[in-house]
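Asks: Below is the sequence, then the predicted model.
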Amino acid sequence: MYEKKEYAEIYAETSSVLKIEATEEQFVSILTEAENKNFGVFKKSTLKSKKIILFI
């Protein structure tokens, strides 16, 4: 979805935690700005650590 610039769809499918921190407009703006900085094509990602967060 990122390469297709479907930023609103990414936001719609993200967690409620992110939605508390940023509006859809803010999220789309950040991703659009990142795209305009030309970081290049996404190659791969490697998980460095895994944290389990428990909400009680």
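Replies: Now that the structure is in, tell me what you want to look at.

Asks: quick one, what contacts Phe27?
Replies: Phe27 is in contact with Tyr7, Ile10, Tyr11, Thr14, Leu18, counting by Cβ atoms under 8 Å, 6 or more residues apart in numbering. (C-beta placed from N, C-alpha, C; glycine too.)

Asks: Let's verify the last one: helix, strand, or coil?
Replies: By that I understand Leu18. Counting by DSSP: H, G, I helix; E, B strand; the rest coil, the backbone at Leu18 sits in helix.

Asks: Next, find the distance separating it from Glu24.
Replies: Separation of Leu18 from Glu24 (Cβ to Cβ, to the nearest Å): 10 Å.

Asks: do Ile53 as well
Replies: 23 Å.

Asks: higher neighbour count, those two?
Replies: Between Ile53 and Glu24, Glu24 has the larger neighbour count (other Cβ atoms under 10 Å), namely 14 against 5.

Asks: who touches the more buried one in this structure?
Replies: Ala8, Tyr11, Ala12.

Asks: Going by neighbour count, which residues in the longest helix along the chain are buried?
Replies: Under DSSP state H, the helix in the chain containing the largest number of residues is helix 24-36. Within helix 24-36, the residues scored as buried using 16 or more other Cβ atoms under 10 Å are Phe27, Val28, Leu31.

Asks: show me the residues around the second one that make contact.
Replies: Under the criterion of Cβ under 8 Å, 6+ apart, the contact partners of Val28 comprise Tyr7, Ala8, Tyr11.

Asks: where does this structure dip in pLDDT?
Replies: 38-40, 55-56 (pLDDT under 70).

Asks: cutoff 90 now
Replies: For the chain, applying pLDDT under 90 flags the ranges 1-7, 10, 13-21, 30-56.
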